[in-house]
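A.B. asks: Quick one: sequence and predicted model below, then my questions.
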Amino acid sequence: MFYPHTPLHERCSEVQESRMGLLTELRDSISRVTDRLFSASEPKRIGIYGPPNAGKTTLANRIARDWTGDAIGPESHIPHETRRARRKENVEIERNGRAVTIDIVDTPGVTTKVDYKEFLDHDIGKDDAVRRSREATEGVAEAMHWLREDVDGVIYVLDSAEDPFTQVNTMLIGIIESRELPVLIFANKTDLEDSNVKQIANAFPQHETVPLSALEGENMDEVYDKIAEYFG
Amino acid sequence: MPHECTNCGETFEDGSKEMLSGCPGCGGNKFQFRPSSSSSSSSPSTKSAADSEPPASGTSTSATSQTATRTDFDPSTDRRQSNSAAETSNTESTRAWPGQETSEDTDSGSQKPWPETAREPANRSGSSTSADSDVTVDPRRSGETSPAAPTSSQSRPPAEASSTTDPSAVETGASAAESREDRAQADARSGTVSPDEISRAAPADATQSAAESAGADDKPDLSTLREELNEQFESIRIVSPGQYELNLMELYDRDSYIISLQEDGHYVIEVPETWNRDD
């Protein structure tokens, strides 16, 4: 190509700029593609945490059943029924025409004291109670380990009929905050007469509190909206 | 509106006497403090706990920790939780959060080998009488019955001793020395009274000589005692078969992962090198 009125160095500079523009566009486009690939191949691991008997497994099962058809684990009114962390992968939640894929990790209830005697009240023999107690303790250790190593976000489930001002709750929320993980507080069991969602919201005003009844399936639309918003 | 009932939301001015016997509206006995100058990013209830305390280190995690101790201020809560893990967890929750260890902590963070510290306290014989029924952190019991403690002590990172300035440790120390003080009171005191006040009060409360010598005006002794107590309460304590006390911060902080417990105090760990995220 001939440029009759353009000095050679200016022509070089134009070519250079044009190349730079192409490179930048190419880089941006690659970056967008890899971002999409990364987010598609690595769904966020969302840990469901909370004290024993808050309804974590009921919630995990509700979410898993709603979006995959399968449950995660057995639910029970006996504390520490979940004694190992259980994971349900690739749960795709569709909200407002957009799909969010997450891995759900249902964790054992976190507590500072495990006593086999609390199982005796549930018609469990002493030997079995001692074994459950040991497994529950291992479960708490596992839950704390997952919190440190393997979760990208946390759903913190509380029984809204119980006092949220406990050491375990504030400690766990503090740890989650220190890791700067996105966290949603779920005030569960709103179907109970004693449910007090305001008290939960007051306990952790720095975080969003979503009322729900995982057992009855109340307010699950908002639950999924928030999950998509926070962990999508 | 400094004080707000967490139950019904009714507010009371700072210094109001109406709320002393519970919320007149709903009878609730938990209030949170909302200082007018506080920003939304920090927990407003921090102030209520810190009324009589020097300012905490100011992070949001520390703020929530203070919220918890503020609850202990409530006498009814104390009564309700006095036989639960409240005291134990109080010890844990007021420990520094990860990455928040203060220079004060590290200054006093020199650690003694565990076996020495376990045998050091003078009133060892007395402690065993209270340990069986007492959920309070008791170093001597740990030393006698839980070989798990030295095991994990060996594997812990050397930068530990994060809670050597923790006021609750003073209370724990007093309990360990067989103080017959009501534990609910002690728990509440740990959350609302400054360390200085506690150390001044300790000789009057404790009846045993070890606690007196540790809790008296002698600051270095007090820090040493706190350090010993916290060091000896490792990740998991086996109180008796089927009864465990868990130190959540230790469990969270430790590099290795406890995968199996045995009643003889041993436990199986998985070290980070072999930890597989996909397992």
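C.D. replies: Looks like it came in fine. Computed from a predicted structure; not experimentally measured. Numbers count the residues shown, from 1 in each chain, chains lettered A, B, ... in the order given.

A.B. asks: Next one: the residue most central in space within chain A relative to chain B, how far apart?
C.D. replies: Taking CA atoms, centre = their mean, the centroid of chain A lies closest to A:Ile46, which sits 2.6 Å from it. Going from A:Ile46 to chain B by CB to the nearest CB, to the nearest Å gives 15 Å. Every residue, glycine included, has its C-beta placed from N, CA and C.

A.B. asks: I figured that residue was touching A:Val151, is that so?
C.D. replies: Yes - the criterion here is CB atoms under 8 Å, and A:Ile46 meets it with A:Val151 at 6.8 Å.

A.B. asks: Overlap in contacts, these two.
C.D. replies: A:Val105 (CB atoms under 8 Å, 6 or more residues apart in numbering or on different chains).

A.B. asks: Now do the buried residues in stretch B:26-39.
C.D. replies: B:28-34 (16 or more other CB atoms under 10 Å in any protein chain shown).

A.B. asks: let me fix that: stretch A:113-123
C.D. replies: A:113-116, A:118-119.

A.B. asks: Stretch A:51-65 too?
C.D. replies: Applying 16+ other CB under 10 Å to stretch A:51-65 flags A:51-64 as buried.

A.B. asks: In contact with whatever residue of the stretch 101-250 of chain B ends up closest to chain A, which residues are there?
C.D. replies: Nearest residue of the stretch 101-250 of chain B to chain A: B:Gly242, at 3.2 Å (CB to the nearest CB). Neighbouring residues of B:Gly242 by CB under 8 Å, 6+ apart: A:115-117, A:126, A:129-130, A:133-134.

A.B. asks: that's a strand at B:Ser260, yeah?
C.D. replies: Yes - with DSSP: H, G, I helix; E, B strand; the rest coil as the criterion, B:Ser260 is part of a strand.

A.B. asks: what secondary structure does the residue nearest to it when sequence neighbours are not counted sit in?
C.D. replies: Residue nearest to B:Ser260 in three dimensions, not counting chain neighbours: B:Val268, with 4.0 Å by CB to CB, 6 or more residues apart in numbering or on different chains. Put simply, B:Val268 is strand when judged by three-state DSSP.

A.B. asks: any idea how far B:Val268 lies from A:Ser178?
C.D. replies: Distance from B:Val268 to A:Ser178, counting by CB to CB, to the nearest Å: 28 Å.

A.B. asks: So those two - more neighbours on which side?
C.D. replies: Using other CB atoms under 10 Å in any protein chain shown as the criterion, B:Val268 and A:Ser178 rank with A:Ser178 on top: 19 against 12.

A.B. asks: Helices along chain A, start to end?
C.D. replies: With helices called from DSSP state H, chain A shows them at A:8-41, A:56-68, A:117-120, A:126-149, A:167-178, A:197-203, A:220-231.

A.B. asks: The last one packs against which elements?
C.D. replies: Taking 3 or more CB pairs under 8 Å, 6 or more residues apart in numbering or on different chains; DSSP states H and E as contact, the helices and strands that helix A:220-231 lies on are strand A:44-49, helix A:56-68, strand A:86-95, strand A:98-106, strand A:153-159, strand A:183-188, strand A:209-211.

A.B. asks: And the helix or strand hosting B:Glu245, what does it pack against?
C.D. replies: B:Glu245 is part of strand B:243-246 when elements are defined by DSSP states H and E. Where contact means 3+ CB pairs under 8 Å, 6+ apart, strand B:243-246 is packed against strand A:113-115, helix A:126-149, strand B:236-240.

A.B. asks: Check the ones you listed for me and report the most buried one.
C.D. replies: strand A:113-115 (a mean of 23; mean count of other CB atoms under 10 Å in any protein chain shown).

A.B. asks: For that one, which strands pair with it and how are they oriented?
C.D. replies: strand B:243-246 (antiparallel) (DSSP bridges).

A.B. asks: Need the mean per-residue confidence for the strand it pairs with.
C.D. replies: The average pLDDT within strand B:243-246 is 88.

A.B. asks: can you tell me if the next helix-or-strand element following that strand touches chain A.
C.D. replies: Counting by DSSP H and E, the next helix or strand C-terminal to strand B:243-246 is helix B:248-253. Yes - under the criterion of CB under 8 Å from any CB of the partner chain, chain A is reached by helix B:248-253 at B:248-249, B:251-253.

A.B. asks: any idea how far A:Asp194 is from chain B?
C.D. replies: Applying CB to the nearest CB to A:Asp194 and chain B gives a distance of 12 Å.

A.B. asks: my read: that residue touches A:Ala161, true?
C.D. replies: Yes - between A:Asp194 and A:Ala161 there is a contact under CB under 8 Å: 4.0 Å.

A.B. asks: Compare the two (neighbour count), which wins?
C.D. replies: A:Ala161 (18 against 9).
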